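A.B. asks: structure for this input, please:
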Amino acid sequence: MGYYLRKLAFYLTALWAAVTLNFVIPRMLPGNPVDILMAKLQQRGGSVDPAARTAYETLLGTGGKESFATEYLAYLGNLLRGELGVSVSAFPAKVSDVIGDALPWTVVLVGLATLISFLLGVGLGAVVGWKRGTWLDSLVPATTVLSAVPYFWLALILVAALSSGLGWFPLNGGYDVVLDPGWDPEFIGSAIYHGTLPALTIVISSIGGWLLGMRNMMVSAMSEDYVLTARAKGLTDSRIMVRYAARNAVLPSVAGFAISLGFVVSGSIVTEQVFSYPGIGSKLLQAVQNNDYALMQGIFLVITIAVLGANLVVDLLYGLIDARTRDRSTVS
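C.D. replies: Predicted coordinates for the structure are as follows:
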């Protein structure tokens, strides 16, 4: 029980530190969101008198006469009530609504792409590791090179080749703009069609890491005593590979996959920007460009909770699976 309490205390402290940085860092950026909002209102012929400015400062919770500490305490109080504020870049929409609209797009795109790349990378890595020294080893440098290629460059190449050149996929967007978002088959099919190329970019650029890690773990596992015992018992190669070597070699990759799921909500800013995809990454870039403190803080908060939650789940599961983890923690 002490192990789990220490883990919970650590992650609660990490959450508080992340929330504090989440409040401080956006306010270190040049510019003022109230000034940006007032300029937009002036362009639209809206009111820009001092009373209106004071009202917007109160609404946005920044730029007023309150002290830094007062703003920080108000920020913490709003978080506890679930109030993330109003977005400047999407005014007068609430931050929670902006994030709620963009998050499903990112979770589906990046989540599925991460799952596909993990399954392909682990599967190919197991085969390559089992048949080390053959031509299959050439997959390692090939996929590693692709992993080293910058996201935006790979995305632009795929757009030029498969969209502009062959016309197989749309150039940008998350769905056909003539359709109304919903759960009807036509819209879902359009969303899958528009998301295929961005997902392919993520899969190609990330599969190499999973393949290399699984391949190295397979090579290590094949020299273990339990694999030699299985061979001595006369078991088939396929059964030894799947039930003995791969089953143990995949454990570090599973832990890495669980952690990577926490970063799914952060999206892929570069990929979403190249394809004009309506995900959380594009909203984050929009918030930075407009000094939208509230939206930046809301997105960072969601990312922080997801990453810390994924790490906490992995730590707790390791404590349940491997008693040595709890014993080492108790000794230390």
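A.B. asks: what pLDDT does the spatially closest residue to Asn22 that is not a sequence neighbour get?
C.D. replies: In this structure, Asn22 finds its nearest non-sequential neighbour in Phe300, 4.7 Å apart by C-beta to C-beta, 6 or more residues apart in numbering. Backbone N, C-alpha and C define where each C-beta goes, glycine included. On pLDDT, Phe300 comes in at 83.
A.B. asks: can you get me a residue count around Phe300?
C.D. replies: Around Phe300 there are 20 other residues, counting by other C-beta atoms under 10 Å.
A.B. asks: just Val313 next, same as before
C.D. replies: 14.
A.B. asks: rewinding a little: my read: the residue nearest to Asn22 touches Val24, true?
C.D. replies: No - counting by C-beta atoms under 8 Å, Phe300 sits too far from Val24 to count as a contact (11.2 Å).
A.B. asks: now the residue nearest to Asn22: which helix or strand?
C.D. replies: helix 293-321 (DSSP states H and E).
A.B. asks: now do Thr20
C.D. replies: Using DSSP H and E, Thr20 falls in helix 2-24.
A.B. asks: tell me the buried residues in that helix?
C.D. replies: Tyr3, Lys7, Tyr11, Leu15, Ala18, Val19, Asn22, Phe23 (16 or more other C-beta atoms under 10 Å).
A.B. asks: now, among those, which is nearest to Asn311?
C.D. replies: Tyr11 (7.3 Å; C-beta to C-beta).
A.B. asks: neighbours around the residue nearest to that closest one when sequence neighbours are not counted, how many?
C.D. replies: Counting by C-beta to C-beta, 6+ apart, Tyr11 lies nearest to Leu312, which is 5.0 Å off, once chain neighbours are set aside. As a burial measure, Leu312 scores 19 neighbours (other C-beta under 10 Å).
A.B. asks: list the residues that contact Leu312.
C.D. replies: Lys7, Leu8, Tyr11 (C-beta atoms under 8 Å, 6 or more residues apart in numbering).
A.B. asks: if we can go back for a sec, got the buried residues of helix 2-24 as JSON lines, with pLDDT columns?
C.D. replies: Shown next, in JSON lines, are those (pLDDT from 0 to 100):
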{"residue": "Tyr3", "pLDDT": "68"}
{"residue": "Lys7", "pLDDT": "78"}
{"residue": "Tyr11", "pLDDT": "83"}
{"residue": "Leu15", "pLDDT": "86"}
{"residue": "Ala18", "pLDDT": "84"}
{"residue": "Val19", "pLDDT": "84"}
{"residue": "Asn22", "pLDDT": "77"}
{"residue": "Phe23", "pLDDT": "78"}
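A.B. asks: now those as a markdown table including distance to Ala246?
C.D. replies: Converted to a markdown table, those look like this (distance: C-beta to C-beta, whole Å):
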| residue | distance to Ala246 |
| --- | --- |
| Tyr3 | 29 |
| Lys7 | 29 |
| Tyr11 | 31 |
| Leu15 | 36 |
| Ala18 | 36 |
| Val19 | 41 |
| Asn22 | 40 |
| Phe23 | 46 |
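A.B. asks: against Leu76, how distant is the closest residue to Lys94 other than its chain neighbours?
C.D. replies: With sequence-adjacent residues excluded and distances taken as C-beta to C-beta, 6+ apart, Lys94 is closest to Val86, at 5.9 Å. In this view, Val86 and Leu76 are 18 Å apart by C-beta to C-beta, to the nearest Å.
A.B. asks: of those two, which one has the most company?
C.D. replies: Applying other C-beta under 10 Å to Val86 and Leu76 shows that Val86 carries more neighbours, namely 23 against 14.
A.B. asks: make sure that one is actually in contact with Ala294.
C.D. replies: Yes - between Val86 and Ala294 there is a contact under C-beta under 8 Å: 6.1 Å.
A.B. asks: tell me if I'm right that Gly298 and Leu84 touch.
C.D. replies: Yes - with contacts counted by C-beta under 8 Å, Gly298 reaches Leu84, the gap being 4.2 Å.
A.B. asks: for the stretch 201-332 of the chain, what are the low-confidence residue spans?
C.D. replies: 262-263, 265-268, 318-332 (pLDDT under 70).
A.B. asks: could you chop this protein up by domain?
C.D. replies: Domains of the chain are assigned by the TED database as 1-81, 96-328.
A.B. asks: dihedrals phi and psi, Leu166?
C.D. replies: phi -90, psi -20 (degrees, to the nearest 10).
A.B. asks: sorry, back to before: now, which of the buried residues of helix 2-24 sits nearest Ala102?
C.D. replies: For these, the nearest to Ala102 is Asn22 (17.9 Å; C-beta to C-beta).
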